[in-house]
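K.L.:
just coords:
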């Protein structure tokens with residue numbers, strides 16, 4: 001493999017960019033620390049006074065000491081449900097932790113947030129956790145402490161396909177597929193929510209705090225006139241010793257979690273995917289250089305090879321069609337010892353040969369997918385499926401090329417070819433939003449709609465149907481046309497600025513993370529190890545279906 005030679009100059013511009021992104025990451029982490037407080041310190045103290053651990057303390061006790069916990073969906077519901085006091089992290093902790101060295105999906109209700117009630121985005125987040133478990137065949141542990149559906153929003157969470165009931169549908173599918181599910185009832189478990197732990201393969205309950213029933217004491221009295229407290233109705237002794245609904249009961253949260261850990265030590269290891277693997281090697285260049293490489297202005301060019309030189313083992317890349325379709329970088333390399341195929345947008349301006357003579361060249365705009373780069377990307381995706389190599393898409397794309405020349409050259413059919421190949425790809429796909437992700441470029445580069453196993457974003461990411469300048473000018477021109485001719489230049493500028501501000505806010509990576517368009521916002525310096533962990537998780541599913549595409553125009 002060829003070694004990528006870095007040409008980065010650590011000049012004033014590099015240091016300015018590095019300082020900017022370090023401060024952005026620091027600000028991001030401060031905001032995340034506040035989100036992790038859930039319902040606040042007082043609510044946490046109240047939970048501990050009841051003899052219960054908090055959700056995050058439970059996760060920490062469940063997982064191996066000191067092992068990194070890859071939290072997913074932390075930003076979900078940020079800015080939502082303000083009229084109800086908000087729902088930090090959608091009231092549920094989700095991520096991948098290690099139990100006796102084995103990666104496991106963990107779902108833990110945070111009872112400090114509206115008693116762990118399910119909001120619409122809570123549902124979306126739990127379904128995403130189950131999807132990750134199913135696609136990667138990772139065991140999943142549910143730490144249940146929830147009052148059930150948040151009733152004021154029941155119409156947004158109850159009856160539809162991707163609503164509350166889908167979680168139990170997924171319970172059944174996971175079990176049928178042999179993906180092990182463990183549940184612990186560590187607080188309330190009410191009504192329809194009672195099915196989630198009992199449809200798991202094995203269940204636990206904590207005495208004195210855990211309870212599970214289809215209807216609580218108040219509803220029972222209203223429905224049938226019976227007066228009974230919750231402990232007598234569905235406490236640990238009732239549901240474990242008398243009804244046999246639950247398999248194990250424990251005197252405390254700590255005892256319950258320790259038992260689950262001991263049971264996971266006995267869980268058989270399944271077969272893995274046959275992906276190529278070798279001893280990991282560090283890149284030749286510091287991963288922290290990524291801070292200085294990424295421009296502050298998302299319209300500025302940079303060489304994508306410099307990014308890859310800091311993510312790939314040994315800074316090695318076996319580039320595919322290096323001199324053809326150069327606005328897309330394709331090639332194979334290794335990340336943390338795992339073979340991986342790279343599909344990355346090239347943001348620097350590159351030349352393209354247009355004829356047979358040595359001077360027949362034109363400059364192509366970086367970040368734009370041309371017909372030749374789309375053709376190259378489609379074929380490379382097909383090739384990685386043939387060779388059974390997982391794919392990593394690194395997005396910094398402003399879309400497909402437009403204009404009469406591009407249309408006459410067949411850009412739509414070439415773009416459709418790439419979209420078709422990505423949609424039908426059966427090897428694991430991981431997507432990283434490094435910069436822009438605009439329009440159909442998002443689709444061709446494996447956006448959320450195209451089934452990546454994991455989706456991550458840097459603070460430098462921007463996700464929208466088009467760039468802010470283009471969108472604001474387009475929207476402003478439409479609105480001004482509707483208003484007629486009596487509009488001053490000052491009013492035009494004010495309208496343009498307002499539209500651009502709204503559009504820019506909706507393109508921000510936190511906005512995307514709040515809606516679960518991405519699984520996590522990453523510190524660029526931590527990206528390499530998280531990608532390696534994600535590839536290891538993807539390898540836990542040995543099933544790689546046959547790759548086939550539909551009808552393609554040539």
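P.N.:
Received the coordinates, thanks. Please read these numbers as outputs of a predicted model, since none were measured by experiment. Numbers count the residues shown, from 1 in each chain.
K.L.:
worst mean pLDDT across the helices and strands of the protein, which element?
P.N.:
The weakest-scoring helix or strand in the chain, judged by mean pLDDT, DSSP states H and E, is helix 468-483 (a mean of 68).
K.L.:
end to end, how far does stretch 523-543 reach?
P.N.:
The first and last residues of stretch 523-543 sit 31 Å apart, counting by C-alpha to C-alpha, to the nearest Å.
K.L.:
and that stretch, average pLDDT?
P.N.:
Regarding stretch 523-543, the rounded mean pLDDT is 98.
K.L.:
now do it: distance to the chain's middle.
P.N.:
Distance, stretch centre to chain centre, for stretch 523-543: 12 Å (C-alpha atoms, centre = their mean, to the nearest Å).
K.L.:
likewise stretch 310-327?
P.N.:
Distance of stretch 310-327 from its chain centroid, counting by C-alpha atoms, centre = their mean, is 25 Å.
K.L.:
rewinding a little: tell me the helix or strand right after the least confident helix or strand of the chain.
P.N.:
helix 489-507 (DSSP states H and E).
K.L.:
tell me what that next one is packed against?
P.N.:
When contacts are defined as 3 or more C-beta pairs under 8 Å, 6 or more residues apart in numbering; DSSP states H and E, helix 489-507 sits against strand 462-464, helix 468-483. Glycine gets a C-beta too; all of them are placed from N, C-alpha and C.
K.L.:
which residues touch stretch 537-549?
P.N.:
96, 103, 132, 135-138, 270-275, 338, 382, 385-386, 388, 390, 420-421, 424-428, 430, 453-454 (C-beta atoms under 8 Å, 6 or more residues apart in numbering).
K.L.:
which members of those residues are classed as buried?
P.N.:
Neighbour-count burial (16 or more other C-beta atoms under 10 Å) is assigned, among those, to 96, 103, 132, 135-138, 273, 275, 338, 382, 385, 390, 420-421, 424-425, 427-428, 430, 453-454.
K.L.:
buried residues in stretch 510-529?
P.N.:
Applying 16+ other C-beta under 10 Å to stretch 510-529 flags 510-525, 527-528 as buried.
K.L.:
so which of those belong to strands?
P.N.:
Applying DSSP state E to the buried residues of stretch 510-529, the entries found in strands are 520-521.
K.L.:
and for residue 145, nearest residue in space, chain neighbours not counted?
P.N.:
residue 187 (3.1 Å; C-beta to C-beta, 6 or more residues apart in numbering).
K.L.:
can you tell me the helix or strand for the one you found?
P.N.:
Here residue 187 is assigned to strand 181-190, by DSSP H and E.
K.L.:
how far does that strand sit from its chain's centre?
P.N.:
So, by C-alpha atoms, centre = their mean, the centroid of strand 181-190 is 25 Å from its chain's centroid.
K.L.:
by contact count, what packs against it?
P.N.:
Secondary-structure packing of strand 181-190 (3+ C-beta pairs under 8 Å, 6+ apart): strand 140-146, helix 165-176, helix 195-198, strand 202-206, strand 211-213, helix 253-264.
K.L.:
I figured residue 391 hits residue 428, correct?
P.N.:
Yes. Residue 391 is within contact range of residue 428, at 7.2 Å (criterion: C-beta atoms under 8 Å).
K.L.:
what is the end-to-end distance of stretch 501-521?
P.N.:
This stretch, stretch 501-521, spans 22 Å end to end (C-alpha to C-alpha).
K.L.:
wait, isn't residue 450 in contact with residue 429?
P.N.:
Yes. The pair residue 450 and residue 429 qualifies as a contact (C-beta under 8 Å) at a distance of 7.3 Å.
K.L.:
mind listing what the residue nearest to residue 145 touches?
P.N.:
52, 109, 111, 116, 144-146, 209-211.
K.L.:
for it, give its distance to residue 213.
P.N.:
Distance from residue 187 to residue 213, counting by C-beta to C-beta, to the nearest Å: 13 Å.
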